[in-house]
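all I have is the shape, not the residue letters:
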Ligand code: BES
Ligand code: ZN
Ligand code: ZN
């Protein structure tokens with residue numbers, strides 16, 4: 001991770017990025033030649049930043065929002081050569097934070113499986129401007145958490161199986177020291193009769209895990225906890241309803257993006273000591289067509305006693321999440337939020353540039369989530385959640401079925417899950433943006449860590 005430090009005054013203008021809307025401003029220490037060069041480029045509307053020989057950048061902050069500035073940071077990052085230290089100089093706190101955030105996010109690499117690891121050279125950013133050391137530490141902690149989420153998504157199942165996922169979460173909590181993790185293993189899951197999780201696990205060689213994370217600071221502002229549930233399908237073959245390989249099964253190591261999102265959100269919240277009581281529940285297994293695999297036509301009795309007719313074993317996410325959402329009831333939650341790479345329908349509806357969300361919680365929670373999503377450019381798009389869709393999951397032989405009709409698959413999946421939330425306020429996030437096949441600026445390529453910055457900001461805004 002790049003180190004961030006405060007610097008009182010600028011020493012020289014080598015390897016400096018100036019953030020400004022006017023190159024003749026006081027804090028912009030350019031020589032005459034540079035000033036006229038940048039002045040000219042500022043007049044051309046299209047140029048967002050300019051580079052001179054000595055890695056001196058000027059990012060034009062006029063008319064730019066936080067996301068634009070993060071994208072400029074990504075562009076500046078791309079131009080790095082072998083610089084070990086750079087200085088970022090500005091006179092506006094929001095702009096500086098946005099730039100540093102975009103820059104940190106852009107520095108992510110997943111090199112574990114390369115023989116030659118070509119690591120980025122930059123080690124340090126010195127910041128000259130109105131940003132406190134505490135704000136820099138907060139940025140670092142969020143970036144670390146996002147990187148952790150990305151790492152978990154990028155790890156193949158050959159490394160990150162359900163047991164490893166649970167252990168990773170426990171290790172992170174031990175590092176942070178201010179939150180707890182408990183892991184339920186197969187026997188415990190059996191004794192609790194988590195039928196959905198056990199059914200999906202039947203075709204697997206690896207036992208399932210159910211991980212409980214709890215962050216409960218003394219100064220929590222909420223009496224009842226927020227319960228975050230994350231889909232931990234460490235690999236989704238589709239089970240007996242087998243997926244095709246290309247553009248489908250080939251990236252289903254990313255099917256624990258929801259689990260990564262929720263675990264990393266709690267990690268970020270805990271590292272930055274936000275005053276909110278949060279519980280995380282992570283049901284985890286792979287979904288495979290092994291010899292005892294659950295089969296289309298099966299009827300499964302879930303943790304809460306509901307019977308489910310399985311019509312497609314590839315709709316496994318809702319089977320494992322349903323048990324966790326029902327289990328959440330024991331915490332008497334203020335609200336349950338789940339995050340899951342749940343449906344292809346969500347991806348087809350809005351692509352990978354935002355997540356889909358819906359639910360029955362208080363309106364203010366929807367507004368707050370939308371607002372946090374805009375602020376962080378980790379966006380959510382609301383879908384309707386009308387009860388008519390419950391018709392689509394009625395079964396002839398059981399209480400409900402795990403497959404909806406031909407349309408609006410993301411909504412029938414949400415309605416299926418709502419059934420298990422009982423009376424508890426509930427929001428479902430379908431994380432269509434957990435994995436990118438092509439690079440998208442500072443959001444990266446491969447695992448994105450989508451949802452972590454969104455939910456971190458949501459809890460930060462709540463605690464204000
Ligand atoms: N993990 C997939 C959903 C998915 C697919 C997420 C592609 C991101 C990209 C999920 O388990 C699944 O297979 N869902 C099925 C449900 C269907 C059988 C009702 C789907 O969306 O096709
Ligand atoms: Zn599936
Ligand atoms: Zn899945």
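On my side now, so go ahead. Being a predicted model, the structure only gives us computed values, none of them experimental. Ligands and ions are numbered 1, 2, ... in the order given.

that's a strand at residue 213, yeah?
Yes - counting by DSSP: H, G, I helix; E, B strand; the rest coil, residue 213 is located in a strand.

so for it, what's the pLDDT?
Looking at residue 213, its pLDDT reads 99.

now do residue 44
pLDDT for residue 44: 69.

likewise the one 4 residues further on?
pLDDT, residue 48: 61.

again with the one 10 residues further on
Residue 58 is assigned a predicted lDDT (pLDDT) of 89.

with residue 412 instead?
For residue 412, the model assigns a pLDDT of 98.

contacts only, for it.
389, 392, 393, 404, 405 (CB atoms under 8 Å, 6 or more residues apart in numbering). Glycine gets a C-beta too; all of them are placed from N, C-alpha and C.

what sits closest to it if chain neighbours are left out?
residue 404 (2.7 Å; CB to CB, 6 or more residues apart in numbering).

quickly find the element holding that neighbour.
Here residue 404 is covered by no helix or strand, with elements defined by DSSP states H and E.

re the thing from before, of the contacts of residue 412 - the most surrounded one?
Counting neighbours by other CB atoms under 10 Å, residue 404 leads the contacts of residue 412 with 26 neighbours.

could you report the distance from the residue nearest to residue 412 to ligand 1?
Per CB to the nearest ligand atom, to the nearest Å, residue 404 is found 7 Å from ligand 1.

next one: residue 29
Taking CB to the nearest ligand atom as the measure, residue 29 falls 48 Å from ligand 1.

same check, this time on residue 122
Where ligand 1 is concerned, residue 122 sits at a distance of 33 Å (CB to the nearest ligand atom).

and that residue, how many residues sit next to it?
Here the number of neighbours of residue 122 (other CB under 10 Å) works out to 19.

next one, pLDDT for it please.
96.

before we move on, what SS does it have?
coil.

wait, doesn't it sit right on residue 79?
No - taking CB atoms under 8 Å as the definition, residue 122 is not a contact partner of residue 79, at 11.4 Å.

now this structure against ligand 1: closest residue?
Across the chain, no residue is closer to ligand 1 than residue 344, which sits at 3.4 Å (CB to the nearest ligand atom).

just the pLDDT for that residue.
98.

likewise for the one 3 residues further on?
Confidence per residue is given as pLDDT, and for residue 347 that number is 98.

ok, it - contacts?
Residue 347 sits in contact with residue 432, where contact means CB under 8 Å, 6+ apart.

and the next helix or strand past the helix or strand of the chain with the lowest mean pLDDT?
Of all helical and strand segments in the chain, the minimum by mean pLDDT, DSSP states H and E falls on strand 49-51, at a mean of 67. Next along the chain after strand 49-51, taking DSSP H and E as the criterion, comes strand 57-60.

spatially nearest residue to residue 120, not counting backbone neighbours?
Distances taken as CB to CB, 6+ apart place residue 107 nearest to residue 120, at 5.6 Å, with adjacent residues excluded.

to clarify, my last question referred to residue 263.
Residue 263 sits nearest to residue 169 (CB to CB, 6+ apart), 4.9 Å away.

tell me which parts of the stretch 101-250 of the chain are close to ligand 2?
By CB under 5 Å from the ion, the part of the stretch 101-250 of the chain that sits against ligand 2 consists of residue 236.

which residue does the stretch 101-250 of the chain have closest to ligand 3?
residue 236 (3.7 Å; CB to the ion).

ok, that residue - contacts?
Contacts of residue 236 by CB under 8 Å, 6+ apart are 243, 249, 252, 255, 286, 287, 314, 316, 317.

let's see it at 10 Å
157, 200, 243, 248-249, 251-256, 285-288, 313-314, 316-317, 341 (CB atoms under 10 Å, 6 or more residues apart in numbering).

with residue 275 instead?
Contacts for residue 275 were tallied using CB under 10 Å, 6+ apart; they are 217, 218, 219, 220, 221, 222, 269, 459, 462, 463.

near ligand 3, which residues of this structure are found?
So far as CB under 5 Å from the ion goes, the chain lies against ligand 3 at 233, 236, 255, 317.

inside helices: which ones of those?
Among those, the members found in helices (DSSP state H) are residue 317.

make CSV from the residues of the chain next to ligand 3 and add distance to residue 428 and pLDDT to it.
Compiled in CSV, these are given as follows (distance: CB to CB, whole Å; pLDDT from 0 to 100):
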residue, distance to residue 428, pLDDT
233, 16, 99
236, 18, 98
255, 16, 98
317, 11, 99
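
counting neighbours, what do you get for residue 374?
For residue 374, using other CB under 10 Å, the count is 16.

wait, is it part of a helix?
Yes - counting by three-state DSSP, residue 374 falls inside a helix.

residue boundaries of the strands in the stretch 1-150 of the chain?
Using DSSP state E, counting those that start in this stretch, the strands of the stretch 1-150 of the chain run over 3-6, 16-20, 49-51, 57-60, 85-90, 124-128.

and those strands, which one's lowest on average pLDDT?
Averaging pLDDT over each of those puts strand 49-51 lowest, since it has a mean of 67.

so how far is residue 148 from residue 125?
Taking CB to CB, to the nearest Å as the measure, residue 125 falls 21 Å from residue 148.

repeat for residue 456
Remark: distance between residue 456 and residue 148 (CB to CB) = 13 Å.

the more surrounded of these two?
A direct count of neighbours by other CB under 10 Å for residue 456 and residue 148 places residue 456 higher, at 27 against 20.

what sits against the residue in the stretch 201-350 of the chain that ligand 2 sits nearest to?
Going by CB to the ion, ligand 2 is nearest to residue 314 of the stretch 201-350 of the chain, at 3.7 Å. Residues near residue 314 by CB under 10 Å, 6+ apart: 236-243, 248-249, 252, 287, 296, 344, 402-403.

pull out the buried positions in stretch 91-98.
Neighbour-count burial for stretch 91-98 flags 91, 92, 95, 96, 97, 98 (criterion: 16 or more other CB atoms under 10 Å).

same check on stretch 332-345?
Buried-residue list, stretch 332-345, by 16+ other CB under 10 Å: 333, 334, 335, 336, 337, 338, 339, 340, 341, 342, 343, 345.
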